[in-house]
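*Asks:* sequence and predicted structure, then a few things I'm wondering about:
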Amino acid sequence: MRTNVPIRSLLVVVGLIFLTPLVSAQTTDGSPSITSQTTSFAVGDGPEAIAFDGTNVWVANQFSGTVVKVRVSDGSVLGSYSAGKRPVALLFDGANIWVANYLSNNVTKLRAGDGAILGTYSTGNGPGGFAFDGKNIWVANRDSNNVTKLQASDGLKLGTFAVGTRPLALAFDGSNIWVTNNKSDTVTELQASDGSVLGTYAVDKGPFGIAFDGSNLWVANFFSKTVVELASNGSVVRKVSVGDGPAGVTFAGGYIWVTNNGSNTVSKIEPGAAAVIGTFTVGRGPFGVVFDGVNIWAASSSAGTVSRISPANKSSAIP
C-alpha cells in the first residue's frame, strides 16, 4: 500500500496525452456495461488536488509549486500559475480558486479567469484541505490539528478551532463543517456559525477524504480500504469495501466516486445499494477527484497526470 504522503517519483513533461483502450466496468451481476474511455494528460510534478470552476479543471502540482488550468475538452494546459510551497488542496468558491500551500502555512486566492493572485492569507501549520460554506473558507491544518475559518471576500481570519489529529479534508452539509482526523480515526462536526464542536465520531482507520451526498456523509478510510457512510447524527449507516488506499471522494451524478491511491483506480459506488458498481484504472497514486458535469477527473500524484473517465454521468448508464 502507498503511504498517505505522496513520494516524489518523476518529473513529467506538460502536454503529453496517454490514451487507454475503451474499457468496460462490470455491473453488479457481472455482466459488462457500456464502455468508457480513460484518457490521461501530463500536468506537472506531483499533482494531488483537483477542482472544477464550471469551465476548466485546475490541478495543484505539489512538487512543482504550481497550479495549472486544464481545458476539459482536450486536456490542454491553458495556464500555469505560481503558488506557495507544496500546494496540496484546491477549492473553487464560485469566482476564485483557493490553493492550500502545505509548507508555506498559508492559502493563495487566484482569480479563476486569468490566475492572477488576489491575496495570500496565513492559516495554521500545514494547510491541506478546504470547504466553502457559501460565505467563508474553511481550512484543515494538518500539522497544528485545527481548522481555520477565513472570510472569502478578503481572507480575514474569523477563528481557529481545535479538532482531532492530522485533519485532512472537510465537507459542508448546508449547516455544519465535517472534518476527517486522519490519525485519530474520527470525524469532527463543527457548527459553521461559530466553530463549536457538535460531535466527534469514530470511523475506520486513516480517514482521508469526505463528501456530502445531500443527506449523509461519506468518508474514505485510507488504511481500512473502506468508505463509511455517516448519518447526520454521526452514526455509521454502512461500510463499503473499495480498493487499496481510498483517498479522495466526491458525490457526483448520483454516485459516490473514490480514488484508490494504492490500487491506481477509481471506484464508483451506488449509494442506495452501498455497493461498488464500477472500477476504473487511472494513473499511479490518485488522490483528488472531481466531476465536470460529464466526466470524472482524478489527479494521479505518482504519474504526474490527471485522468479523465469519459463519460461518467448518471445518464450514461456506466457503472
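*Replies:* Here it is on my side, so go on. Numbers count the residues shown, from 1 in each chain.
*Asks:* in the protein, where is pLDDT below threshold?
*Replies:* Scanning the chain for pLDDT under 70 picks out the ranges 1-36, 311-319.
*Asks:* what's the residue closest to the geometric middle of it?
*Replies:* What sits nearest the mean C-alpha location of the chain, by CA atoms, centre = their mean, is residue 288, with 3.7 Å.
*Asks:* and the host helix or strand of that residue, what does it pack onto?
*Replies:* In the assignment (DSSP states H and E), residue 288 maps to strand 286-291. Here strand 286-291 touches strand 47-52, strand 56-61, strand 246-252, strand 255-260, strand 265-270, strand 296-300, going by 3 or more CB pairs under 8 Å, 6 or more residues apart in numbering; DSSP states H and E. In short, each C-beta sits where N, CA and C put it, glycine included.
*Asks:* related to what we said a few turns ago, how far away is the residue nearest to the centre of the chain from residue 156?
*Replies:* 27 Å (CB to CB, to the nearest Å).
*Asks:* next one: residue 297
*Replies:* 32 Å.
*Asks:* how far does the strand holding residue 288 sit from its chain's centre?
*Replies:* With CA atoms, centre = their mean, to the nearest Å as the basis, strand 286-291 stands 5 Å off its chain's centre.
*Asks:* can I get it in PDB? Just the C-alpha atoms.
*Replies:* Output in PDB follows, covering the C-alpha atoms of strand 286-291 (Å, rounded to 0.1, in the frame of the first residue of the first chain):
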ATOM      1  CA  PRO A 286      -4.500   9.000  -7.400                       C
ATOM      2  CA  PHE A 287      -5.700  11.400  -4.800                       C
ATOM      3  CA  GLY A 288      -8.000  14.200  -5.800                       C
ATOM      4  CA  VAL A 289     -11.300  13.600  -7.700                       C
ATOM      5  CA  VAL A 290     -13.800  16.000  -9.300                       C
ATOM      6  CA  PHE A 291     -16.800  15.900 -11.600                       C
END
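*Asks:* that strand pairs with which strands, and in what direction?
*Replies:* Strand 286-291 has its sheet partners listed here by DSSP bridges as strand 296-300 (antiparallel).
*Asks:* and whatever helix or strand comes next after the partner strand, what does it pack against?
*Replies:* Counting by DSSP H and E, the next helix or strand C-terminal to strand 296-300 is strand 305-310. Applying 3+ CB pairs under 8 Å, 6+ apart, one finds that strand 305-310 contacts strand 32-42, strand 47-52, strand 296-300.
*Asks:* contacting residues around strand 305-310?
*Replies:* Applying CB atoms under 8 Å, 6 or more residues apart in numbering, the contact partners of strand 305-310 are 12, 18, 36-43, 47, 50, 57, 59, 70, 72, 75, 266, 280, 282-283, 286, 294-300.
*Asks:* can I get the buried part of those as one PyMOL selection?
*Replies:* Burial among these is assessed by 16 or more other CB atoms under 10 Å; the matching PyMOL selection reads:
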select buried, resi 12+36+38+39+40+41+42+43+47+50+57+59+70+72+75+266+280+282+283+286+295+296+297+298+299+300
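*Asks:* residues in contact with residue 91?
*Replies:* So residue 91 contacts 51, 97-98, 130-132, 137 (CB under 8 Å, 6+ apart).
*Asks:* typed the wrong thing, it's residue 255
*Replies:* Residue 255 touches 268-271, 277, 314, counting by CB under 8 Å, 6+ apart.
*Asks:* give me the distance between the two termini of stretch 185-194.
*Replies:* The straight-line separation of the ends of stretch 185-194 (CA to CA, to the nearest Å) is 24 Å.
*Asks:* chain center to that stretch: distance?
*Replies:* How far stretch 185-194 lies from its chain's middle: 18 Å, per CA atoms, centre = their mean.
*Asks:* okay, buried residues for it please.
*Replies:* 185-190, 192.
*Asks:* how about stretch 110-118?
*Replies:* Residues of stretch 110-118 classed as buried: 110, 112, 115 (neighbour count, 16+ other CB under 10 Å).
*Asks:* and the helix or strand harbouring the first one, what does it pack against?
*Replies:* To tie it back to what came earlier, the one meant is residue 110. Using DSSP H and E, residue 110 maps to strand 106-111. With contacts taken as 3+ CB pairs under 8 Å, 6+ apart, strand 106-111 sits against strand 96-101, strand 117-122.
*Asks:* so what touches the first one?
*Replies:* Put plainly, it is strand 96-101. By CB under 8 Å, 6+ apart, strand 96-101 touches 49, 51, 53, 58, 60, 67, 83-92, 107-112, 115, 118, 123, 127-130, 137, 139, 152.
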